[in-house]
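# Prediction below, plus the sequence it came from.
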Amino acid sequence: GKRDRRDGRAGQDSQGEDAMELLPRYSDCFFCGREGDGPHLRMSVDNDVIFSEFVLDSKFQGYARVAHAGIVTGVLDEAMWWAVFFDTHSFYFTTKMEIDLLRPVYTGTQHKVTARVIEKDGRAVRVQASIRNADDKECARVLGTFKQGRGIDRAAFAKKLDFVDISPRLKQKLQSALED
């Protein structure tokens, strides 16, 4: 069956795998954390694609109604990080981003960011991400490279994950992965 995309419950695709699920928030994150002054992105996963539908507040504009390029870059980076983490269950850090800013990302209007892992090579992971507007026109795209981090306190990270609205199955999966 299909999942009702308005709630946090998981549905299943024809193979019995979860088709779309909300991801947890990291409480200290500027972009996805529930608290603070950030955009409060709510990431989801659908098959292996990470996405978030979002509207940026005017406080994120660089000039009249246009989101600052640094915020646009951060939204792309956030989606890519979740794509890498969801795929590998390991901590990777952004080392390179090749960004094309194609059209303005307007504040106060609906956009969607998507990201997916496209290549894994040893300690490096390459990811593609893009932001599209409500008319499905691509506003920005990026090719990112992430390198595996070392010495990350997985238990401390896990304690700061906010699992509100997360399916019990995904919560268990992520918590188990973080214990490894």
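Done, it's in. Residues are numbered from 1 along each chain as shown.
# Please name the residues that touch His40.
32-34 (C-beta atoms under 8 Å, 6 or more residues apart in numbering). In short, each C-beta sits where N, CA and C put it, glycine included.
# Any chance of CSV for these, columns secondary structure, neighbour count and pLDDT?
Converted to CSV, those look like this (DSSP: H, G, I helix; E, B strand; the rest coil; neighbours: other C-beta atoms under 10 Å; pLDDT from 0 to 100):
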residue, secondary structure, neighbour count, pLDDT
Cys32, coil, 24, 92
Gly33, coil, 18, 91
Arg34, coil, 13, 89
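# Return the closest of these with respect to Val49.
Set against Val49, the nearest of these by C-beta to C-beta is Cys32 (16.5 Å).
# can you pull out the helices in the protein?
Here the chain has its helices, by DSSP state H, at 69-88, 154-159, 168-179.
# and the first one, which residues are buried?
Looking back up the chat, that one is helix 69-88. For helix 69-88, a neighbour-count test (16 or more other C-beta atoms under 10 Å) marks 71-87 as buried.
# go on, the last one?
Of the residues in helix 168-179, those with enough neighbours to count as buried (16+ other C-beta under 10 Å) are 170, 174, 178.
# Quick one: the strands in this structure, in order.
Under the criterion DSSP state E, strands of the chain are mapped to 20-22, 25-26, 44-46, 49-55, 61-63, 66-67, 92-101, 110-121, 124-133, 138-148, 161-162.
# want to try CSV for those, with distance to Ala155, mean pLDDT and mean neighbour count as columns?
Shown next, in CSV, are those (distance: least, C-beta to C-beta, whole Å; pLDDT from 0 to 100; neighbours: other C-beta atoms under 10 Å):
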stretch, distance to Ala155, mean pLDDT, mean neighbour count
strand 20-22, 23, 92, 20
strand 25-26, 14, 92, 22
strand 44-46, 23, 95, 17
strand 49-55, 24, 97, 19
strand 61-63, 39, 94, 14
strand 66-67, 35, 98, 22
strand 92-101, 18, 97, 14
strand 110-121, 25, 97, 17
strand 124-133, 23, 98, 20
strand 138-148, 18, 97, 19
strand 161-162, 11, 92, 16
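# that older thread, would JSON lines of the buried residues of helix 168-179 with pLDDT and distance to Val105 be doable?
JSON lines is the format used below for the buried residues of helix 168-179 (pLDDT from 0 to 100; distance: C-beta to C-beta, whole Å):
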{"residue": "Leu170", "pLDDT": "90", "distance to Val105": "29"}
{"residue": "Leu174", "pLDDT": "88", "distance to Val105": "29"}
{"residue": "Leu178", "pLDDT": "86", "distance to Val105": "32"}
